[in-house]
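> Next come a sequence and a model predicted from it.
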Amino acid sequence: MIERVTLTPAAADLIERLIARHGPVLFHQSGGCCDGSAPMCYPQGEFHLGHQDVLLGQIAGCPFYMSAFQFDYWRNTQLTIDVVEGRGSSFSVEAPEGVRFLTRSRLFSDAEQAELAHAGEPPRADTPT
């Protein structure tokens with residue numbers, strides 16, 4: 001199965017440290033405003049998911065969501081979550097580490113698009129998986 005969201009080894013290492021410190025976390029791809037367009041990391045239970053949030057997959061065992069509106073734009077791309085030095089949003093739990101998560105993307109190939117179309121739409125936050 002083609003993954004809609006993946007991560008780099010550096011991001012996996014950071015997530016492991018964040019889970020050790022904060023417990024289970026989830027990600028939500030921000031869509032702009034105060035924090036730009038960044039993958040935001042929150043302790044599970046501290047971010048309210050809505051019925052319009054789409055579950056793209058799991059990274060390092062953590063759910064990764066984005067709004068349905070954004071998904072309409074990003075549906076043809078695979079996201080790769082990376083980590084870079086610098087200050088990100090103060091809302092995301094990695095902020096005190098002096099690093100921030102960053103989303104990189106690539107277009108799916110025609111074959112990957114066909115496989116994803118056959119698999120159907122990803123679930124919404126309020127839909128049992």
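Perfect, thanks for sending it. Numbering: from 1, shown residues only.
> Report how many residues lie close to the residue lying closest to Arg104 once chain neighbours are set aside.
Excluding its sequence neighbours, the residue lying closest to Arg104 (C-beta to C-beta, 6 or more residues apart in numbering) is Thr80, at 4.5 Å. In this view, the C-beta of every residue, glycine as well, is placed from N, C-alpha and C. Here the number of neighbours of Thr80 (other C-beta atoms under 10 Å) works out to 17.
> Could you give me the buried positions within whichever strand or helix holds Thr80?
Following DSSP states H and E, one finds Thr80 within strand 77-85. In terms of neighbour count (16 or more other C-beta atoms under 10 Å), strand 77-85 has its buried residues at Gln78, Leu79, Thr80, Ile81, Asp82, Val83.
> out of these, who's nearest Glu94?
Using C-beta to C-beta, Val83 comes nearest to Glu94 of those, at 7.4 Å.
> picking up where we left off before, give me the distance from the strand holding Thr80 to the chain's centre.
The chain centroid and the centroid of strand 77-85 are separated by 9 Å, computed with C-alpha atoms, centre = their mean, to the nearest Å.
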